[in-house]
Each structure stands twice: as C-alpha cells, then as structure tokens.
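# Turn this into a model:
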Amino acid sequence: MSSLQLSLDEPLSPELALVCPELAERARQSLPEPGWLAPVVRLEAAARIRPVQTLMLGLVIVLTTMAPLALLLYERSPHFH
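A predicted model of the protein is given here:
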C-alpha cells in the first residue's frame, strides 16, 4: 500500500481511479448515497384528457399531416395553371 497524500477536493479522473486502488477507494467513500436507495414518492395520477381534447388533437394531427399533400396535389392539378 502506498502512502498517497492527495486531496480529493477537486474532481478525480476516472482513469486515475482505475490505476490507483487507494484513490479509487477514497473516491468511493466520498460518494453520496445512491438515489435508488431513497424512498419512493408516489405521484398523483395524471389528469385524464377529455374526449373533446382527444378529438381536437386528432384533428390537428390529421390537418398538419394532410395539408402539405393536399397543397401538392392542388399545385400539380391542371386547374391550378
């Protein structure tokens, strides 16, 4: 075991932690507790979308998808010129 007197006040490069086991252990000890060990907080159920909102969303999607096609077909039609 070497006697390293390095301070971990500044970030430690991952490469250095791979090469030096003493620094790797000190870096692991200074890590905070993992977040997955924290208690789970339940969120309220999301508000449901009303049928009218769903219908309007569908209409907007269809119009934005079909409008360029309709304009292209109209522009290529013989009545346009």
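# Secondary structure element holding Thr54?
helix 51-76 (DSSP states H and E).
# so what's the residue nearest the centre of the chain up against?
Against the mean C-alpha coordinate of the chain, by Cα atoms, centre = their mean, the closest residue is Gly35 at 16.9 Å. Shown in contact with Gly35 (Cβ atoms under 8 Å, 6 or more residues apart in numbering): no residues. For every residue, glycine as well, the C-beta is placed using N, CA and C.
# roughly how far is the helix holding Thr54 from the heart of the chain?
29 Å (Cα atoms, centre = their mean, to the nearest Å).
# now do stretch 48-60
26 Å.
# Send me it as CSV with only the CA atoms.
Output of stretch 48-60 as CSV, limited to C-alpha atoms (Å, rounded to 0.1, in the frame of the first residue of the first chain):
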residue,chain,number,x,y,z
ARG,A,48,-57.2,12.4,-18.0
ILE,A,49,-57.7,14.0,-21.4
ARG,A,50,-61.3,14.6,-22.1
PRO,A,51,-62.8,13.2,-25.4
VAL,A,52,-63.2,16.6,-26.9
GLN,A,53,-59.5,17.3,-26.3
THR,A,54,-58.6,14.0,-27.9
LEU,A,55,-60.8,14.7,-30.9
MET,A,56,-59.2,18.2,-31.4
LEU,A,57,-55.7,16.7,-31.1
GLY,A,58,-56.5,14.1,-33.7
LEU,A,59,-58.0,16.8,-36.0
VAL,A,60,-54.9,19.0,-35.7
